[in-house]
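Enquirer: requesting a structural model of the entry that follows:
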Amino acid sequence: MTTHSDPIRITRATTRKPRPKDSELGFGTVFTDHMFIADFEEEKGWYDPRVEPYGPLSLDPATAVLHYSQAIFEGLKAFTGRDGKIRLFRPHKHAERLNHSARQLCIPPMDPELVLKSLTTLVDVDREWVPKSVGHALYIRPTIIASEPFLGVRPAKQYLYFVILSPVGAYYPEGMNPVKILVVDKYVRAVEGGLGAAKTGANYAASLHAAEDAKHAGFTQVLFLDGVHRKYIEEVGTMNIMIRLGDEIVTPPLGGTILAGVTRDSALTLMRDWDLTVHERPISIDEVVAAAHQGTLREVWGTGTAAVISPVGELAYKGERIPINNGRIGELTQRLYDAIVGIQYATAPDTHGWTVEV
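Expert: Coordinates of the predicted model:
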């Protein structure tokens, strides 16, 4: 682990961008005035942490990431609380996962304190960009790419860490409506021993074809099954998945093929606080279909930073449409959403110490 002692240099933008109103915000299309950057070289470790005006990166056409995809990223949010204070939600967990992804892709890990400092410093510099309305937030995207110009299959010797910020509205502009999910067994997202548990662009690229097919068929997203048996539920294209069968809540276990979602962990923690029966275990699509036929499939929802909690109103598998809770938001789905959002916007107590004030 490389530690750092360099002070963070701050170069402020001389001209400022117009800031859109909260009501005009979509997701991931508007970016703030500044970005955070640090470099890595084998001899120096991570060095020269700095805040600069937001702008293009200059990359040699031979830059390793463009050819061999050594790239990882994170996604978290900053919120304006009811008390007017700005807080990040679970940044330590995101820094931990960034380093997990780094090790998976042979990228040198970063001092978690430097990661945290990069996030709080940049959000502080651009704090006027943090939306004030509930349902809106400042999305934070830390990224590491292999920046060495070379052609050859080996881990790079130079890396670039950067953080950009984007004020965002709701991930689903139509609101928290139950979505329709297509269960696919034609495509797989990841297999054990691969990169499924790393937050790397390759995993998202691998999900695009299936997601496009689903959208053309009228679905919001796809639910992938395991890559070996093609029967165990794994992950939605951009979310983890949870299923309520009777009084049991089930989510697939972390076995190296799915991402250790921070919202997933938050939801599991809260439900255990509430003394609910929660199991991280393999669950087959056949078990879900059987539960639907028996009337014990009560709720299904996705968890993720972007949407927080996303209710699923319908699953489709092998031509069968499976309605869930009559297409309405389930009671537990709503309770989880309200609880997490309450902590994020400081309208509920943060009993787990999940938020960090900027």
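Enquirer: give me the number of residues near residue 38?
Expert: When neighbours are counted by other C-beta atoms under 10 Å, residue 38 registers 22. For the C-beta atoms, the positions are set from N, CA and C on the backbone; glycine is no exception.
Enquirer: any idea what it is bridged to?
Expert: Residue 38 forms beta bridges with residue 161, as assigned by DSSP bridges.
Enquirer: next: residue 314.
Expert: Beta-bridge partners, per DSSP bridges, of residue 314: residue 180, residue 323.
Enquirer: check the gap between it and residue 181 for me.
Expert: As judged by C-beta to C-beta, to the nearest Å, residue 314 and residue 181 stand 7 Å apart.
Enquirer: give me the below-cutoff pLDDT ranges for the stretch 101-250 of the chain.
Expert: The model of the stretch 101-250 of the chain has pLDDT under 70 over residues 172-175.
Enquirer: for it, just list every one of the strands.
Expert: Per DSSP state E, counting those that start in this stretch, the stretch 101-250 of the chain carries strands over the ranges 137-146, 158-168, 179-184, 221-225, 233-236, 240-245, 248-251.
Enquirer: which outside residues touch the third one?
Expert: Applying C-beta atoms under 8 Å, 6 or more residues apart in numbering, the external contacts of strand 179-184 come out as 172, 210, 213-214, 217-225, 233, 236, 285, 300, 302, 310-318.
Enquirer: can you tell me which of these are buried?
Expert: 210, 214, 219-225, 233, 236, 285, 300, 302, 310-317 (16 or more other C-beta atoms under 10 Å).
Enquirer: how close does the closest residue to residue 187 other than its chain neighbours sit to residue 62?
Expert: Residue nearest to residue 187 in three dimensions, not counting chain neighbours: residue 210, with 4.0 Å by C-beta to C-beta, 6 or more residues apart in numbering. If you measure residue 210 against residue 62 using C-beta to C-beta, the figure is 32 Å.
Enquirer: re earlier: out of the strands of the stretch 101-250 of the chain, which is closest to residue 73?
Expert: strand 137-146 (4.3 Å; C-beta to C-beta).
Enquirer: list the neighbouring strands of the closest one plus their orientation.
Expert: Here strand 137-146 is paired, per DSSP bridges, with strand 71-73 (antiparallel), strand 76-80 (antiparallel), strand 158-168 (antiparallel).
Enquirer: quick one: name whatever helix or strand follows the second one.
Expert: Looking back up the chat, that one is strand 76-80. Sequence-wise, the next helix or strand downstream of strand 76-80 (DSSP states H and E) is strand 86-89.
Enquirer: which residues touch residue 192?
Expert: Here residue 192 is in contact with 227-228, 255-257 (C-beta under 8 Å, 6+ apart).
Enquirer: now residue 143
Expert: Residue 143 makes contact with 71-74, 161-164 under the criterion C-beta under 8 Å, 6+ apart.
Enquirer: stretch 317-335: which residues count as buried?
Expert: For stretch 317-335, a neighbour-count test (16+ other C-beta under 10 Å) marks 317, 322, 324-325, 329-330, 332-334 as buried.
Enquirer: how close does the residue of the chain positioned farthest from its centre sit to residue 246?
Expert: Computed with C-alpha atoms, centre = their mean, the residue of the chain farthest from its C-alpha average is residue 294, at 33.7 Å. Remark: distance between residue 294 and residue 246 (C-beta to C-beta) = 9 Å.
Enquirer: any idea how this structure splits into domains?
Expert: 9-169, 179-344 (automatic domain parsing).
Enquirer: and the first one, how far out from the chain middle?
Expert: Relative to the mean C-alpha coordinate of its chain, domain 9-169 is positioned 13 Å out (C-alpha atoms, centre = their mean, to the nearest Å).
Enquirer: end to end, how far does that domain reach?
Expert: Counting by C-alpha to C-alpha, to the nearest Å, you get 31 Å between the two ends of domain 9-169.
Enquirer: enumerate every residue touching the closest residue to residue 8 other than its chain neighbours.
Expert: Excluding the flanking residues, the one nearest residue 8 by C-beta to C-beta, 6+ apart is residue 49, at 4.8 Å. The neighbours of residue 49, taking C-beta under 8 Å, 6+ apart as the test, are 4, 6-9, 36-38, 114, 117-118.
Enquirer: make it 7 Å
Expert: Contacts for residue 49 (C-beta atoms under 7 Å, 6 or more residues apart in numbering) come out as 4, 6, 8, 38, 114, 118.
Enquirer: just the buried ones out of these, please.
Expert: By 16+ other C-beta under 10 Å, those give 4, 8, 38, 114, 118 as buried.
Enquirer: so residue 90 touches residue 262, yeah?
Expert: Yes. Counting by C-beta atoms under 7 Å, residue 90 does reach residue 262; the two are 5.2 Å apart.
Enquirer: secondary structure element holding residue 309?
Expert: strand 308-317.
Enquirer: helix, strand or coil: sort out residue 332 for me.
Expert: Under DSSP: H, G, I helix; E, B strand; the rest coil, residue 332 falls in the helix class.
Enquirer: so how far is residue 243 from it?
Expert: Residue 332 is 11 Å from residue 243, where distance means C-beta to C-beta.
Enquirer: list residues touching both of the two?
Expert: By C-beta under 7 Å, 6+ apart, no residue touches both residue 332 and residue 243.
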